[in-house]
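Novice: Build me a model:
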Amino acid sequence: MKEIKVFGHQSPDTDAVASTIVWAWFLREYRKLDAKPYILSNTNNEALFVLNKWGFTLPPVLASISGDDDVSIVDTNNGDELFPNINEANIISIVDHHKLTGGLKTSSPLEVIIQPYASTMTVMFNVMNIEPTEFPREIAGLMLSGILSDTLEFRSPTTTPQDKALAQKLAGVLGVDTTAYANEMFAAKSDISEFSDDELAKLDSKVFDIKGKQMRISVVETTNPETVLVRREGVLKAMQKMKAEDAVDEVLFFVVDILKEEAAFFTDTDATKKISEEAFGVVATGDTTVLPGIVSRKKQMIPMMSK
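Specialist: Here you go, the predicted model:
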């Protein structure tokens, strides 16, 4: 039986890493396919904490793919977040919760499941049709973690009633207090001490086409924003390097304060100051501008900048 490589986007967050493991498990156990999870690059400390919590090791990094590979893509449908030659592979399925981006092409029909929830886990739950009580404990733990991470424990405007209800059911089965567990996850995510400035700038970073311009938007979610802000100069240098290497029009950097539910936006250029005022309605008077209520790239940052 041919192996199916399951992977998500570059710079995978907790939802992406957990999704590869959960979906590969489902394909093996219920569809009897030879599926194996992979990641495309390093992840953050929250994801590592979650994997350790539920007894998993980090999936191996997949360095390349070829036209001979069967692949299943999770937590993205954006070809720019995958391999440059992704369309050469045999894409058998896509399971995602983001807007349809385009760019992916296949030579044969495939399974595409994209639903408007905050977490890929909620989408997978709908597809799998398995009761929360029937999941192995470790799989249920990953699913709960993915939802809590992507919703910022239900603070994010991306959160739907279905996300919250599923998380509460999973937590009940596991005997986990969602607030206490989320706090542990966020504490792990907030530990950025081991990352270089270059790594920090790319930790959760994606490229989007906004009004005809290529924008790389980097987001760091933390309960202790000062640990990021004190490294501002180093991060700005890393951003300039990324801009040149990726040949994008702008690199934007947001530090999301999970507890205060606001973002600090690096407004060091005329272009970023203009974005702050026109997109977010906040006049930038310095190099860092606080955006009250802004916590979600998908639901707030991108739509507001796209108007």
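Novice: Surely I217 and D249 touch.
Specialist: No - counting by C-beta atoms under 8 Å, I217 sits too far from D249 to count as a contact (11.7 Å). Using the backbone N, CA and C atoms, a C-beta is placed for each residue, glycine as well.
Novice: which of these two has more neighbours?
Specialist: I217 (20 against 15; other C-beta atoms under 10 Å).
Novice: In contact with the more buried one, which residues?
Specialist: 205-208, 252, 254, 297, 301-302 (C-beta atoms under 8 Å, 6 or more residues apart in numbering).
Novice: now do 10 Å
Specialist: Counting by C-beta atoms under 10 Å, 6 or more residues apart in numbering, I217 makes contact with 204-208, 210, 248, 250-254, 297, 301-302, 305.
Novice: How about L82?
Specialist: If you count contacts by C-beta under 10 Å, 6+ apart, then L82 has 7-10, 40, 65, 71, 73, 76, 89, 91, 103-104 around it.
Novice: domain ranges for the chain?
Specialist: 4-187, 197-306 (automatic domain parsing).
Novice: what's the first-to-last distance across the first one?
Specialist: If I follow you right, that is domain 4-187. 34 Å (C-alpha to C-alpha, to the nearest Å).
Novice: related to what we said a few turns ago, tell me, what's touching I217 and D249 both at once?
Specialist: With C-beta under 10 Å, 6+ apart as the test, I217 and D249 both reach I210.
Novice: thinking again about what came up before, most neighbours per residue, which of the domains of the chain?
Specialist: domain 4-187 (a mean of 19; mean count of other C-beta atoms under 10 Å).
Novice: gap between the two ends of stretch 125-134?
Specialist: Distance across stretch 125-134, first residue to last, is 12 Å (C-alpha to C-alpha).
Novice: ignore the last one, stretch 218-231
Specialist: OK, stretch 218-231 end separation, C-alpha to C-alpha: 15 Å.
Novice: nearest spatial neighbour of F208, skipping sequence neighbours?
Specialist: With C-beta to C-beta, 6 or more residues apart in numbering as the criterion, F208 has its nearest non-adjacent residue at 5.3 Å, and that residue is M215.
Novice: In its sheet, which strands sit next to the helix or strand where that neighbour lies, and in what direction?
Specialist: Assigned by DSSP states H and E, M215 belongs to strand 213-222. Using DSSP bridges, the strands paired with strand 213-222 are strand 205-210 (antiparallel), strand 250-257 (parallel).
Novice: Can you lay out these as JSON lines showing distance to A171 and mean pLDDT?
Specialist: Below are the strands paired with strand 213-222 laid out as JSON lines (distance: least, C-beta to C-beta, whole Å; pLDDT from 0 to 100):
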{"stretch": "strand 205-210", "distance to A171": "29", "mean pLDDT": "91"}
{"stretch": "strand 250-257", "distance to A171": "23", "mean pLDDT": "96"}
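Novice: want to try JSON lines for those strands, with distance to A35 as columns?
Specialist: Shown next, in JSON lines, are the strands paired with strand 213-222 (distance: least, C-beta to C-beta, whole Å):
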{"stretch": "strand 205-210", "distance to A35": "25"}
{"stretch": "strand 250-257", "distance to A35": "33"}
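Novice: Select, out of those, the one closest to V50.
Specialist: Nearest to V50, of all the strands paired with strand 213-222, is strand 250-257, at 18.5 Å by C-beta to C-beta.
Novice: chain center to the closest one: distance?
Specialist: In terms of C-alpha atoms, centre = their mean, to the nearest Å, the centre of strand 250-257 is set 14 Å apart from its chain centre.
Novice: Touching the worst-scoring helix or strand of the chain on mean pLDDT from outside, list them.
Specialist: Ranking every helix and strand in the chain by mean pLDDT, DSSP states H and E puts strand 205-210 at the bottom, with a mean of 91. Residues outside strand 205-210 that contact it (C-beta under 10 Å, 6+ apart): 9-11, 76, 78, 80-81, 98-99, 101-102, 214-220, 239, 242, 246, 248-253, 275, 279, 297-298, 301-303, 305-307.
Novice: sorry, back to before: show residues contacting the following helix or strand past the strand holding M215.
Specialist: Of the helices and strands lying after strand 213-222 in sequence (DSSP H and E), the nearest is helix 226-229. Outside helix 226-229, the residues that touch it by C-beta under 10 Å, 6+ apart are 190-193, 200, 220-222, 235, 253, 255-257, 264, 266, 288.
Novice: Same check on stretch 130-144?
Specialist: Contacts of stretch 130-144 (C-beta under 10 Å, 6+ apart): 14-15, 17-22, 25-26, 29-30, 50-51, 53-56, 119-122, 124-125, 128, 166-176, 178, 181-182, 185.
Novice: Mind checking which of those are in helices?
Specialist: Members of the contacts of stretch 130-144 lying in helices (criterion: DSSP state H): 14-15, 17-22, 25-26, 29, 50-51, 53, 120-122, 124-125, 128, 166-174, 178, 181-182, 185.
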